[in-house]
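**Q** What would the 3D arrangement of this be:
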Amino acid sequence: MSHNELTPQLENPGSGTALVVGATGIAGSALVEKLAGEGWQVLAMSRSAGTPKANVRYVPADLSSPQSLREALAAESPTHMFFTAWARQDTEEGNITVNAAMLRNLLQALAGKPVAHVALMTGLKHYLGPFEAYGEGDMPDTPFHEEEPRLPVNNFYYAQEDELWAAAATQGFTWSVHRAHTVIGHAVGNAMNMGLTLAAYAALCKESGQLFTFPSSETQWNSLTDMTDAGLLADHMVWAATSPGGADEAFNVVNGDVFRWRWMWQQLAAYFGVEAEGFTDEPRPLEVQMAGAGPQWEQLVAAKNLAEPRLDRVASWWHTDGDLGRNLEVVADMSKSRVAGFTGYRRTLDAFTDLFERYRAEKLIP
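**A** Down below sits the predicted model:
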């Protein structure tokens, strides 16, 4: 008997109880917002509580502690689980040990609960390799397709998939894996937040009169690429968790459009009213450009009455440098999702500007 027969999807998804893990991050926040808005009861798991919302109850827990998870979930009965958390380590071996254990601990704590589906967020490093072996060796050609074999390197995404599949086989839930590209969405204090990072960079450039300079590789400047809006990712994860076509499958998830940074950079500069400078002769990383910019940000915060005085909670220079510094084209194919019934789409420029408007309304950027 298949997992689909064992655990039929809910006819009325809003009647379910969703456990969202990593609930205050970019992807997790979008999931909490979507699920709560659709009438789900949401258990939002993170180390700290987020902003109170209707239909949302925060469940603080330490994913590295089986006891903490057992205690946090003892009285809970989630029907669906959405896993978007990760803990960055110094090496990929460390990433595997820590991140596979976090998922394994949680799945063990859910044994015996009425969980029908588990959705796991990973990313395109499934095809590119981990940070320490990024783009090395033989990689699949673009656009990336889900059926490509794993790379012969250690990768914590592979370890997490293995944990997910092993638990599904014994606990009887269906599963889905969601391989997002760079995710932009609403969060503060997140380690991987290109949207807010570029907004802060533009604000500092405008204040100082410096050029809005593309920081990274010539390849990224000229190549086609794509991105993933956090709201679209949330739509995709909930679709897979509640639709027969999404069960027991791994999917790429990107907005659906493609662009070149040499075009997008000009659009972002025009939006912020700064002068753009593209790639010239070598990368100019944001970590270098913005070294020591903390006091300048504090002055800007004071002058514009902004909400967050700590630049390190607004900008993650290293991550944006990494995303824009790849020396290879990165594009993902969405055909598998389309054929299975998912029709969501976002225009990436609109995803950026909608996000900037939200940050502006919250006085996180001027």
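**Q** mind showing which ranges of the stretch 1-150 of the chain have poor pLDDT?
**A** Filtered on pLDDT under 70, the stretch 1-150 of the chain yields the residue ranges 1-15, 132-137.
**Q** Just the strands from it, written as ranges.
**A** 17-21, 41-46, 56-60, 80-83, 117-123 (DSSP state E, counting those that start in this stretch).
**Q** tilt between the third one and strand 17-21?
**A** It stands for strand 56-60. With axes from the mean of the first three to the mean of the last three Cα atoms, to 10 degrees defining the directions, strand 56-60 sits at 40 degrees from strand 17-21.
**Q** Now do strand 56-60 against strand 41-46, angle only.
**A** Using the same axes, to 10 degrees: strand 56-60 against strand 41-46 is 30 degrees.
**Q** Glu207 is in contact with Leu300, isn't it?
**A** Yes. Counting by Cβ atoms under 8 Å, Glu207 does reach Leu300; the two are 5.3 Å apart. Placement of C-beta: from N, CA and C, glycine included.
**Q** Between these two, which is the more surrounded one?
**A** Leu300 (21 against 16; other Cβ atoms under 10 Å).
**Q** ok, the more buried one - contacts?
**A** 203-204, 207, 306, 366 (Cβ atoms under 8 Å, 6 or more residues apart in numbering).
**Q** could those residues be laid out in TSV, adding secondary structure and distance to His145?
**A** Conversion of these to TSV gives the following (DSSP: H, G, I helix; E, B strand; the rest coil; distance: Cβ to Cβ, whole Å):
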residue	secondary structure	distance to His145
Ala203	helix	39
Leu204	helix	40
Glu207	helix	44
Leu306	coil	43
Pro366	coil	42
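**Q** Where neighbours are concerned, which of the residues you listed has the most?
**A** Going by other Cβ under 10 Å, Ala203 tops those with 25 neighbours.
**Q** thinking that one is in contact with Leu268, fair?
**A** No. Between Ala203 and Leu268 there is no contact under Cβ under 8 Å: 11.9 Å.
**Q** closest to Phe144 out of the strands of the stretch 1-150 of the chain?
**A** strand 117-123 (10.9 Å; Cβ to Cβ).
**Q** Give me the contacts around that closest one.
**A** 7, 9, 27, 79-84, 103, 107, 157, 160-161, 164, 167-168, 173-181, 233, 237, 240-242, 247.
**Q** what's the answer for stretch 30-40, then?
**A** So stretch 30-40 is contacted by 13-18, 20, 23, 42, 44, 50, 53-56, 82, 84, 185-186, 230-231, 233-235, 237-238 (Cβ under 8 Å, 6+ apart).
**Q** List the buried residues of it.
**A** Neighbour-count burial for stretch 30-40 flags 30-36, 40 (criterion: 16 or more other Cβ atoms under 10 Å).
**Q** That one: how far from the chain's middle?
**A** Centre-to-centre, stretch 30-40 and its host chain are 17 Å apart (Cα atoms, centre = their mean, to the nearest Å).
**Q** nearest residue to Tyr58 other than its sequence neighbours?
**A** Ala49 (4.0 Å; Cβ to Cβ, 6 or more residues apart in numbering).
**Q** that older thread, name only those of the contacts of stretch 30-40 that count as buried.
**A** 13, 16-18, 20, 23, 42, 44, 50, 55-56, 82, 84, 185-186, 230-231, 233-235, 237-238.
**Q** Restrict the top helix by length along the chain to CA atoms and write it as PDB.
**A** Determined from DSSP state H, the single longest helix within the chain is helix 92-109. The C-alpha trace of helix 92-109 is given here as PDB (Å, rounded to 0.1, in the frame of the first residue of the first chain):
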ATOM      1  CA  GLU A  92      29.900  20.300   5.900                       C
ATOM      2  CA  GLU A  93      30.600  17.400   8.200                       C
ATOM      3  CA  GLY A  94      29.400  19.600  11.000                       C
ATOM      4  CA  ASN A  95      26.400  20.700   9.000                       C
ATOM      5  CA  ILE A  96      25.500  17.000   8.400                       C
ATOM      6  CA  THR A  97      25.900  16.000  12.000                       C
ATOM      7  CA  VAL A  98      24.000  18.900  13.400                       C
ATOM      8  CA  ASN A  99      21.200  19.400  10.800                       C
ATOM      9  CA  ALA A 100      20.500  15.700  10.200                       C
ATOM     10  CA  ALA A 101      20.200  15.300  14.000                       C
ATOM     11  CA  MET A 102      17.800  18.200  14.400                       C
ATOM     12  CA  LEU A 103      15.400  16.700  11.800                       C
ATOM     13  CA  ARG A 104      15.800  13.200  13.300                       C
ATOM     14  CA  ASN A 105      15.200  14.400  16.800                       C
ATOM     15  CA  LEU A 106      12.000  16.100  15.700                       C
ATOM     16  CA  LEU A 107      10.700  13.200  13.700                       C
ATOM     17  CA  GLN A 108      11.300  10.900  16.700                       C
ATOM     18  CA  ALA A 109       9.400  13.300  18.900                       C
END
